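Participant: This is a predicted model, with the sequence first.
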Amino acid sequence: MATDATQRLTIHRVEAPERRADFAEDTREGLSGKPKSLSPKYLYDDLGSALFETITLLPEYYQTRAESEILEDQHEAILDSIPGTLRLVELGSGSANKTRVLIDTILKRQNTLEYIPIEISETTLENSSKDLLRWFPGLRITGFASDYENALGALARDYAAAKKIRTVALFLGSTIGNLEPEDRYGLLSRIRTMLEAQDALVLGTDLKKSLDVLIPAYDDALGVTAAFNLNLLRRINEELGGEFDLSQFEHEARYDEDHGRIEMHLVSKARQSVKISKLTMTVRFEKGETIHTENSYKFDPEQLSSMAQKAGFHLDRTWLDSKNQFGLSLFTAQ
Ligand SMILES: C[S@@+](CC[C@H](N)C(=O)[O-])C[C@H]1O[C@@H](n2cnc3c(N)ncnc32)[C@H](O)[C@@H]1O
């Protein structure tokens, strides 16, 4: 734990050796499996996080623009629906650029605000926190540089209740769509456990749409998403002593109609073997064999109500952007 000079920033960290052990263990398991896979949370090292921020600027990546539009247009309405003194907990906060409008509006309604970002990329968390603190003198930040699970476990729900502060959890960017259905309900239930009745969850979800729009959003003309995906192999090379030749793999984005999800894969261009020295393993690939690196589930607006109910929430309202591409929903804890 470290506190900065201003006493307004506290960051709780999972120690580096522990993080590295998790990455090593998960990589071993994922590359030993059939089919081969890696967890999308490992896409976000420092370089991966910077590449993701670049993706959000791409013309093909409509999601960030659509969700920003909703927040710009509806932030007053969203916050009017959650009266009282608030604190904000944000999962996978990233740059927190979209969160600014909410922080700004809350600070016009109350003098101070506690913001609790949970973000696996420590550098991203530190940079975005310092930036926010410069902008908002009334803000105090208690960040968790960790996985959602660790942080939610550590968050005390009694603290806010005792002070009669309502907690608003934010989960933006349709990051929920990166989780498998059972993990999605597991995480929503964990969030619910951290909340009191009448606390809220503001959840961003990408909606099902035409493949003409969907596929380019995950396979852009500049190749930034390809670099984001291939960076996972570079990370294995750097942190685990891998010997991946990145030119021998290519990025692929495909839509799985049955599951309603975009899948990202790394396709082996040739039959090859790759050593990973710190795992003392050699991984064999057939030509065309893939490593499945990320799913992004897409949702129907009708799904949202049952998703809320199943995890102990009530769906109060979903706001859509002007092109009906993205939904931002207000779930109230029951
Ligand atoms: C799709 S990005 C969204 C970022 C931002 N919320 C937005 O809407 O632009 C997902 C973010 O969640 C973080 N993340 C991914 N998996 C995570 C995990 N298991 N625990 C904590 N953070 C995670 C990533 O580092 C990244 O910043």
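Facilitator: On my side now, so go ahead. Numbers count the residues shown, from 1 in each chain.
Participant: What are the buried residues along stretch 313-328?
Facilitator: Neighbour-count burial for stretch 313-328, counted by 16 or more other C-beta atoms under 10 Å, picks out F313, L315, T318, W319, L320, D321, Q325, F326, G327, L328. All C-beta atoms are positioned from the backbone trio N, CA, C, and that covers glycine.
Participant: and it, how far from the chain's centre?
Facilitator: 18 Å (C-alpha atoms, centre = their mean, to the nearest Å).
Participant: helix or strand for F144, which one?
Facilitator: Taking DSSP states H and E as the definition, F144 sits inside strand 139-145.
Participant: is the ligand contacted by that strand?
Facilitator: No - using C-beta under 6 Å from any ligand atom, strand 139-145 never reaches the ligand; the gap is at least 8.2 Å.
Participant: how about the residue in the stretch 1-150 of the chain that the ligand sits nearest to, what does it touch?
Facilitator: Residue nearest to the ligand within the stretch 1-150 of the chain (C-beta to the nearest ligand atom): G92, separated by 2.5 Å. When contacts are counted by C-beta atoms under 8 Å, 6 or more residues apart in numbering, G92 touches I118, E119, I120, Y148, F171, L172, G173, T175.
Participant: okay, now the second one: neighbour count?
Facilitator: E119: 28 surrounding residues under other C-beta atoms under 10 Å.
Participant: Contact residues of the stretch 151-300 of the chain facing the ligand?
Facilitator: Counting by C-beta under 6 Å from any ligand atom, the stretch 151-300 of the chain comes close to the ligand at L172, G173, T175.
Participant: Count the neighbours of the last one for me.
Facilitator: Counted with other C-beta under 10 Å, residues neighbouring T175 total 21.
Participant: can you give me the helices for the stretch 51-200 of the chain?
Facilitator: Under the criterion DSSP state H, counting those that start in this stretch, the stretch 51-200 of the chain contains helices at 62-80, 100-109, 122-135, 148-154, 157-162, 181-194.
Participant: ok and the residue in the stretch 151-300 of the chain nearest the ligand?
Facilitator: G173 (2.4 Å).
Participant: That residue is in contact with Q63, isn't it?
Facilitator: Yes - G173 is within contact range of Q63, at 6.9 Å (criterion: C-beta atoms under 8 Å).
Participant: ok, back up a step: output the helices of the stretch 51-200 of the chain as TSV; include the columns distance to L201 and mean pLDDT.
Facilitator: Below are these laid out as TSV (distance: least, C-beta to C-beta, whole Å; pLDDT from 0 to 100):
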stretch	distance to L201	mean pLDDT
helix 62-80	12	98
helix 100-109	13	98
helix 122-135	20	96
helix 148-154	12	89
helix 157-162	14	72
helix 181-194	6	96
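Participant: any chance of those helices in JSON lines, with distance to A333 and mean neighbour count too?
Facilitator: Shown next, in JSON lines, are the helices of the stretch 51-200 of the chain (distance: least, C-beta to C-beta, whole Å; neighbours: other C-beta atoms under 10 Å):
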{"stretch": "helix 62-80", "distance to A333": "16", "mean neighbour count": "18"}
{"stretch": "helix 100-109", "distance to A333": "18", "mean neighbour count": "17"}
{"stretch": "helix 122-135", "distance to A333": "25", "mean neighbour count": "18"}
{"stretch": "helix 148-154", "distance to A333": "14", "mean neighbour count": "16"}
{"stretch": "helix 157-162", "distance to A333": "10", "mean neighbour count": "13"}
{"stretch": "helix 181-194", "distance to A333": "6", "mean neighbour count": "16"}
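Participant: Quick check: the farthest pair among the contacts of G92?
Facilitator: Using C-beta to C-beta, those span at most 15.0 Å, a distance reached by I120 and L172.
Participant: neighbour count winner among these two?
Facilitator: Taking other C-beta under 10 Å, I120 and L172 do not tie; L172 has more neighbours (26 against 23).
Participant: Skipping its backbone neighbours, what lies nearest the more buried one in space?
Facilitator: Leaving aside its chain neighbours, L172 sits nearest to G204 (4.3 Å; criterion: C-beta to C-beta, 6 or more residues apart in numbering).
Participant: What's the first helix or strand after the helix or strand where that neighbour lies?
Facilitator: Here G204 sits within strand 200-206, counting by DSSP H and E. Next helix or strand after strand 200-206 toward the C-terminus (DSSP H and E): helix 211-218.
Participant: now that next one against helix 62-80, angle please.
Facilitator: 90 degrees (axes from the mean of the first three to the mean of the last three C-alpha atoms, to 10 degrees).
Participant: what angle separates helix 211-218 from strand 200-206?
Facilitator: Counting by the same axes, to 10 degrees, helix 211-218 lies at 110 degrees to strand 200-206.
Participant: Give the full set of residues in contact with L232.
Facilitator: Shown in contact with L232 (C-beta under 8 Å, 6+ apart): L38, Y42, L43, G48, L266, T293.
Participant: which residues touch the second one?
Facilitator: Going back to what we said before, that points to Y42. F23, D26, T27, L232, R235.
Participant: before we move on, what about the fourth one?
Facilitator: With contact set as C-beta under 8 Å, 6+ apart, G48 has these partners: S121, F228, N231, L232, R235.
Participant: Show me which positions of the one helix or strand it maps to end up buried.
Facilitator: Element membership for G48, per DSSP H and E: helix 46-55. Buried residues in helix 46-55, counting neighbours by 16+ other C-beta under 10 Å, are found at L47, G48, S49, A50, L51, F52, T54, I55.
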